[in-house]
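>>> Let's see this in three dimensions:
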Amino acid sequence: MFHVEINDPTKYQVRRKMIDQKSATEEFESYVLYPGEHYVAKNNRTYSYIPIPGTNFSLCVVSPSQRKKHVSAKGFDLMQAAEELERILTSQEDFAVLLAPWTTDNDGPRYCKTLESVPDEMQPVQSSQNLINSSMSTPVDKDKDVFVKRIIATLKSTKCNNSLIQQLAWDLMSVNISETLWKNLNSQIKKDITGVFVSTNGGLTRVFPASLREGLEDKVDIPTAEYYLRTIDTQVYLYSTPYKTGKIHTSNDTMSNHDVMVTKSIVIPIDSGHVFKPGVVGAMVKQEAMVRVMNSSSDGYCGNSDDNYCYLLDNGGFIISTNQEYDADHIGRWIGDVDSQVMYLLHLHNIYENTTRLDFQAACKKQTKSSSTGSRNVFMPSLPFYEMLTLTWWSNKLSWAYLNINLYNWLFGSSEDMGVMAAEIVTSSTAVNESCVVKQHQYYYTDRQSMRGNFTCDNCTRWVSAQRLNGSNLLLVVADQTCHNTHQCPQYSKLIQAPQRLDHIPTACQQEHWYRKRPGQCWNHDDREDTSQCNRAISLQSPSQSIIWTTVFLTFIHTCIRTNR
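Numbers count the residues shown, from 1 in each chain. Okay, the predicted model is just below:
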């Protein structure tokens, strides 16, 4: 449970009750960790858990407390939905349609298991995902005709998830972004944004103009799209930009390359104070517009980029915009890596708080041992030459070599499995990752809305002011020029946001052990289990029978010699 959620005492008690096969529904404030693992938020969540009859397992469903009711789409004519999809594919308007993955894959169930073939399919066509994600202003009639026929044939089959298809039909019939919407926007807004889009719970995303789809194609899987999940969880306008790390570059980068995604959840009130959020609307805003927001919100202070450093930060402490036009590469980076003094004060004055967690299932770059030309101790290898001349030594070595091999895979592994695993071992030998323990840091807003303080070091005083912008997740920061030689200040400590690899956990032995209970019965088989990938743990290209008989023969000879003595 705590491998996917941040631990706290209340969750620990929920976990204990689930192990004890209890059932209940509890509502409490909880840390929510989002897929990219850069952001957390404290929101009310409802935990409903119940034991699964006849097993040792329990099931827990976690839902936002404000959305306790779910609206299901039913009764939509799937043929009419297919016709709407056909209309979209043949439309001449400058918009694009993106869908979450259509067929089943390793990440989980999708709309349908597969796309049906049609009798008159005479030539290979593009994949369904590429067809749907392609620009609608340049139709490929043959491919689209065949694809629509395949969609209709698939909808008539029983290989689809009916609830997802009904939701998609609802989205297709009700969500529309057309040229009319774009024409109704005033000229100033058009100058400040590059496009608009809307995404729905059913996995449908419509964008206008079609060129905007290039920046959204990696975000079409709505259940795992971080921007979507963060926006659905809040009532304010959410500003975000791609996360950036690594070495900071100052050349060949301009503000025009860093549009900001602004999103807002669609809220529909339903009965008894509950709300329904069917999707998210958004726009891509140019950096020039964000700079104007800084200037107007700071009464002009941010217009002086020589004396004042200004930042727009999001709720995780990442830079959304800056008034330093030559620091465009700072956008998307964590403020503590760019201006550690500012982050030090923001954390000191409780604008940001942080949480840490240990990821015991992380993957890190494999550490390689470096060599040195310096002096080293001379090591002379020694071999037991006299023992090697005896039959006892050889029989022992062969026996242990045999016992260290997985006998089960020898006896039951097919030659095909051996060949496949041999290829996998060659591939894995070039891998650069290894299992490790990583300490993660996430920062989030407290209830404090503003601060003003100074950073003093080595006869340098730097003033920093910060103010939350109402109705958004933005924090405006105005600071004097930076102080240098801060490493000489004992009271100053640089904060860390990037994950840290831990080769040693000092407090591992002092940590409280998680509650566990021995299961009442073991589970070693299920009819739904796919065992095709089993029995492939190792591969050894050697004649097993020869080794077995050789070992038995040498052991027999050795026993006879010892008996004759």
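>>> any weak-confidence spans in the stretch 151-300 of the chain?
151-152, 154-159, 176-180, 246-256 (pLDDT under 70).
>>> how about the helices in it?
When secondary structure is read from DSSP state H, counting those that start in this stretch, the stretch 151-300 of the chain shows helices at 162-174, 179-184, 187-192, 226-232, 287-297.
>>> Please spell out which residues along the first one are buried.
Going by neighbour count (16 or more other CB atoms under 10 Å), the buried part of helix 162-174 is Leu164, Ile165, Gln166, Gln167, Leu168, Ala169, Trp170, Asp171, Leu172. For the C-beta atoms, the positions are set from N, CA and C on the backbone; glycine is no exception.
>>> Among those residues, which pair sits farthest apart?
Farthest apart among the buried residues of helix 162-174 by CB to CB are Leu164 and Leu172. That separation is 12.5 Å.
>>> show me the contacts for Glu27.
By CB atoms under 8 Å, 6 or more residues apart in numbering, Glu27 lies in contact with Asn44, Arg45, Thr46, Tyr47, Ser65.
>>> Go again with 7 Å.
Asn44, Thr46, Ser65 (CB atoms under 7 Å, 6 or more residues apart in numbering).
>>> Quick check: which of the helices of the stretch 151-300 of the chain is nearest to Val342?
With CB to CB as the yardstick, what comes closest out of these is helix 287-297 (14.6 Å).
>>> helices or strands up against that closest one?
strand 309-313, strand 319-322 (3 or more CB pairs under 7 Å, 6 or more residues apart in numbering; DSSP states H and E).
>>> Leu475 is nearest to which of these?
Closest to Leu475 of these, according to CB to CB: strand 309-313, at 4.4 Å.
>>> From the rest of the structure, what touches the closest one?
Contacts to strand 309-313, defined as CB under 7 Å, 6+ apart, come from residues 290, 294, 298, 302, 319-324, 335, 339, 474-479, 481.
>>> Bridged to Ile193, which residues?
Val285 (DSSP bridges).
>>> From Lys286, how far off is it?
Applying CB to CB, to the nearest Å, the value for Ile193 to Lys286 is 7 Å.
>>> Tabulate the buried residues of helix 162-174 in JSON lines, adding columns for distance to Ser187.
Listed next are the buried residues of helix 162-174 as JSON lines, based on distance: CB to CB, whole Å:
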{"residue": "Leu164", "distance to Ser187": "40"}
{"residue": "Ile165", "distance to Ser187": "41"}
{"residue": "Gln166", "distance to Ser187": "40"}
{"residue": "Gln167", "distance to Ser187": "37"}
{"residue": "Leu168", "distance to Ser187": "35"}
{"residue": "Ala169", "distance to Ser187": "37"}
{"residue": "Trp170", "distance to Ser187": "34"}
{"residue": "Asp171", "distance to Ser187": "31"}
{"residue": "Leu172", "distance to Ser187": "31"}
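>>> could you measure Gly195 against Glu26, distance?
43 Å.
>>> So which of those two has more stuff around it?
Neighbour count, other CB atoms under 10 Å: between Gly195 and Glu26, Gly195 has more, with 22 against 14.
>>> which ones are touching that one?
Going by CB under 7 Å, 6+ apart, Gly195 touches Val207, Phe208, Pro209, Leu212, Ala283, Met284.
>>> Between which two of the residues you listed is the distance greatest?
So, the contacts of Gly195 by CB to CB: farthest apart are Pro209 and Ala283, at 12.1 Å.
>>> Quick one: low-confidence residue ranges for the stretch 1-150 of the chain.
1-4, 86, 89-92, 102-110, 114-149.
>>> Chain neighbours aside, what residue packs nearest to Ile50?
The spatial neighbour of Ile50 that comes closest, neighbours along the chain excluded (CB to CB, 6 or more residues apart in numbering), is Ser23 at 4.1 Å.
>>> I figured the one you found hits Ile52, correct?
No. With contacts counted by CB atoms under 7 Å, Ser23 stays clear of Ile52, the gap being 10.5 Å.
>>> what about these two, which has more around it?
Between Ser23 and Ile52, counting by other CB under 10 Å, Ser23 is the more crowded of the two (13 against 10).
>>> mind listing the strands in the stretch 51-200 of the chain by residue range?
For the stretch 51-200 of the chain, the strands defined by DSSP state E, counting those that start in this stretch occupy 58-64, 96-99, 193-200.
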